[in-house]
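> Model the structure of this input:
(one chain, ligands or ions: 4)
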Amino acid sequence: MSTNHEIASAFSTIADLLEITGANAFKVNAYRKAMRSCEDESRDLGRLARENPDELATIEGIGASTKAKIIEFATSGSMGELEALRSQVPPGLPVLLTLAGVGPKTVKLLWDEAKVTSIDDLRSAIANGTVALIPRMGAKTVANLREAVAAHDVAGSRPTRYRLGEAIPIAEAFLDRLRAAAGTVRATFAGSARRGRDTVGDLDLLVSTKDPTAAKAAFLAAPSVAKVLVQGETKCAVQLTSGLQIDLRIVEDGAFGAALVYFTGSKDHNVFLRERAIERGMRLNEYGLFRTDLPADGDSPLPLVAAESEASIYAALDLPLWPAELRESHGTDFTQQPPALVALADIKSELHAHTTASDGLLTISELARLAKARGFHTIAVTDHSKASAQANGLSVERLLQHIAAIREAEAAVGGIRILAGSEVDILADGRLDYDDSILEQLDIVVASPHTALRQSSEAATARLLAAIRHPLVHVLGHPTGRIIHGREGLAPDIAALCAAAQECETALEINCHWMRLDLRDTHVRAAVSAGCLIAIDCDIHSAPDADNLRYGIATARRGGLVASHCVNTWDAQKLQAWLGRKRSSRS
Ligand code: DGT
Ligand code: CA
Ligand code: CA
Ligand code: ZN
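Ligands and ions are numbered 1, 2, ... in the order given. Next comes the predicted model:
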């Protein structure tokens, strides 16, 4: 996956540098499109380029020229065009692009008109007033630049995106404030957070109200606000002490649906919707969908077609209402009916949880009661295996005692099936951490990689394939071991894993913890198209971990997962039958 990310970022930089050096927009857009395709691709592009280069041309958004560059990168580790473009601009110039809200257009203007080629240059050009004198440079842009330089000086290298599970609780807290304000009708979050991306650049909130002043006041007065960036009648923005930015739009309730469509995005999806509107003689913007094809009548406003709800707008565009998580640009045909995506309420079991026996905080009974309170029919106790010594992994002897304790707890708690399981380490060479004779005694086996997470893609593929094909393994836990903003994790051949998992009826896990979200969305998409089973599990170590389910669901939905392929949605009987098929020697 890191190769894909490297190629995507090379394309992104090429696009930026082309724009700065004044190349035509068509070429710039082609690189941006290729960049998104590379980010979305679940197969490793480096491997594909080396082993099956013709396949590259079949990827939506990859043309002859970008295909050649992927091959060049895969074989040489660099791209000649990128190096050439870099040599055409001063070395400090690309750094300006890392400033918040500063894009290539502004950088080009600063360079052309004020000879600004570094952040230091920019700081002094702002201070001595040169920047304000640049033609086509508005006062607002100058203010933004000043903010951005100041933020850069304070924050240095803070990660620029926030993890979903860090951002959503903040969004909810702000929405609570807005809902409590006088006059509020509806309040929700939009943007990438609503689309369920694993990280968000900023939060986008939307409120409809009869009292905009009250909504604005409630928003700006939140204690975590460090700085007010914008405070207009319909538009506010703040930066929190954590650095996270929140944008707020205040609208009349009649236009809530139009605003929600617009601010949910993605930008590409919005472009698609607007073009669709134009084809039908209409115009779509954040205020509504309007007719434009009626005879002009002086200055009277365009007739409104729809604005109040998302459903009314999609319907008027002759489209099914697409779930926010799928409003991305994967070459989706939005005129087709979307899949009936898995939802939070479909989940009926948790198959990956730890207790005080290894590194969890809950006893078996506490865990079982928690699962019962959530309406689950089954909870699996899957403590760590012996190789995970740092997590107090269980020796064979302790595991056998633990199984007995689980049976006792099941009888004592009542009303919920407690599976005796283990999260067994997949050792670096693909062997499992317990012998088969031990694994056979467990109701469920989750096999996960915890160590050697920097091994080669080839070694990782072989290692994980061995676990998937192991006849006693039910679930492959957090398959890559990535930690968002922490470590890349393994980069296995996802297509090969999916093919084997499908064949062996081994479920691939979406680990719901917001630091993991592993499988990630693109991997889920590959798994869904291969027809794999998916487990959506919270990897519970303490009670609040169970609340991470929503992030795993969001990831599953981004991958197009339907309930029938998610083992956690099955009733007890169907789940038991699947678990039992991998224990046929005992039944
Ligand atoms: P992020 O914040 O980087 O994780 O991603 P988003 O998708 O939340 O992007 P953001 O916050 O810049 O804008 C929120 C939504 O507003 C975006 O998904 C679509 C809409 N939007 C913002 N700017 C534009 C634009 O220039 N054109 C169009 N068509 N839509 C825009
Ligand atoms: Ca956003
Ligand atoms: Ca935003
Ligand atoms: Zn684990």
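> Check the spacing between the residue nearest to residue 118 when sequence neighbours are not counted and ligand 2 real quick.
Nearest non-adjacent residue to residue 118, counting by C-beta to C-beta, 6 or more residues apart in numbering: residue 92, 3.0 Å away. Using the backbone N, CA and C atoms, a C-beta is placed for each residue, glycine as well. Distance of residue 92 to ligand 2, given as C-beta to the ion, to the nearest Å: 28 Å.
> Okay, domains of the chain per the record?
3-155, 162-251, 256-319, 344-584 (automatic domain parsing).
> Would you mind telling me which of the ones you listed is nearest ligand 3?
Closest to ligand 3 of these is domain 162-251 (C-beta to the ion; 4.1 Å).
> now the closest one: mean pLDDT?
On average, the pLDDT along domain 162-251 is 96.
> Which residues are in contact with residue 366?
Counting by C-beta atoms under 8 Å, 6 or more residues apart in numbering, residue 366 touches residue 543.
> and it, that's in a strand?
No. Read with DSSP: H, G, I helix; E, B strand; the rest coil, residue 366 is helix and lies in no strand.
> Nearest approach to residue 333 belongs to which of the domains of the chain?
domain 256-319 (10.4 Å; C-beta to C-beta).
> quick one: the closest one near ligand 2?
No. Domain 256-319 is not in contact with ligand 2 by C-beta under 5 Å from the ion; minimum separation 7.9 Å.
> isn't residue 536 right up against residue 517?
No. With contact defined as C-beta atoms under 8 Å, residue 536 does not reach residue 517; the gap is 10.8 Å.
> Of the domains of the chain, flag the one that's most buried.
Stretch with highest mean neighbour count among these: domain 344-584 (a mean of 20; mean count of other C-beta atoms under 10 Å).
> Tell me how far it lies from the chain's centre.
20 Å (C-alpha atoms, centre = their mean, to the nearest Å).
> which strands and helices sit next to the strand ranked longest in the chain?
For the chain, the longest strand by residue count, based on DSSP state E, is strand 417-425. Judged by 3 or more C-beta pairs under 8 Å, 6 or more residues apart in numbering; DSSP states H and E, strand 417-425 is in contact with strand 378-384, helix 396-413, strand 444-448, helix 572-581.
> got the CA coordinates for the helix or strand that that strand is followed by in CSV?
Along the chain past strand 417-425, the next helix or strand (assigned with DSSP states H and E) turns out to be helix 436-439. C-alpha atoms of helix 436-439 as CSV (Å, rounded to 0.1, in the frame of the first residue of the first chain):
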residue,chain,number,x,y,z
ASP,A,436,-3.7,-27.6,16.0
SER,A,437,-4.5,-29.9,18.9
ILE,A,438,-5.1,-26.8,21.1
LEU,A,439,-6.8,-24.7,18.4
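> Quick one: mean pLDDT over helix 436-439.
On average, helix 436-439 scores 97.
> Check stretch 399-410 too.
On average, stretch 399-410 scores 98.
> Over to stretch 443-450?
The model assigns stretch 443-450 a mean pLDDT of 98.
> same deal with stretch 536-545?
On average, stretch 536-545 scores 96.
> So what pairs up with residue 188 in the strands?
residue 206 (DSSP bridges).
> Contact partners for residue 380?
Contacts of residue 380 (C-beta under 8 Å, 6+ apart): 349, 350, 351, 352, 353, 418, 419, 421, 443, 444, 446.
> cool, residue 363 as well?
355, 356, 409.
> For it, report the pLDDT, please.
98.
> Residue 514 versus residue 197, what's the distance?
Using C-beta to C-beta, to the nearest Å, residue 197 is found at 11 Å from residue 514.
> Quick check: neighbours shared by these two?
residue 164.
> Please name the residues that touch the residue in the chain positioned nearest to ligand 1.
Closest contact between the chain and ligand 1, by C-beta to the nearest ligand atom, is at residue 265 (1.9 Å). The contact partners of residue 265, taken as C-beta under 8 Å, 6+ apart, are 190, 191, 192, 195, 327.
> need the residues of the protein near ligand 3, please.
So the chain meets ligand 3 at 202, 204, 247 (C-beta under 5 Å from the ion).
> Now name the helix or strand holding the second one.
It refers to residue 204. Taking DSSP H and E as the criterion, residue 204 maps to strand 203-209.
> so what secondary structure elements neighbour that strand?
On a contact count with 3+ C-beta pairs under 8 Å, 6+ apart, strand 203-209 meets helix 164-180, strand 184-189, helix 191-194, helix 212-220, strand 245-251, helix 256-264.
> Check whether the second one comes near ligand 2.
No. Applying C-beta under 5 Å from the ion, one finds that strand 184-189 is not in contact with ligand 2, the shortest distance being 9.1 Å.
> If you count contacts, what does that strand end up packed against?
helix 164-180, strand 203-209, helix 256-264.
> mean confidence for the last one?
Looking back up the chat, that one is helix 256-264. The model assigns helix 256-264 a mean pLDDT of 98.
> now the angle between strand 203-209 and it, please.
170 degrees (axes from the mean of the first three to the mean of the last three C-alpha atoms, to 10 degrees).
> Please state the offset of helix 256-264 from the chain centre?
20 Å.
> Next, give me the two most distant ones among the contacts of residue 380.
418 and 446 (14.9 Å).
> Flag the shaky bits of the protein, pLDDT-wise.
1-2, 155-159, 296-298, 585-587 (pLDDT under 70).
> gap between residue 184 and residue 212?
Following C-beta to C-beta, the distance that separates residue 184 from residue 212 is 10 Å.
> same deal with residue 124?
Taking C-beta to C-beta, one finds residue 124 at 40 Å from residue 212.
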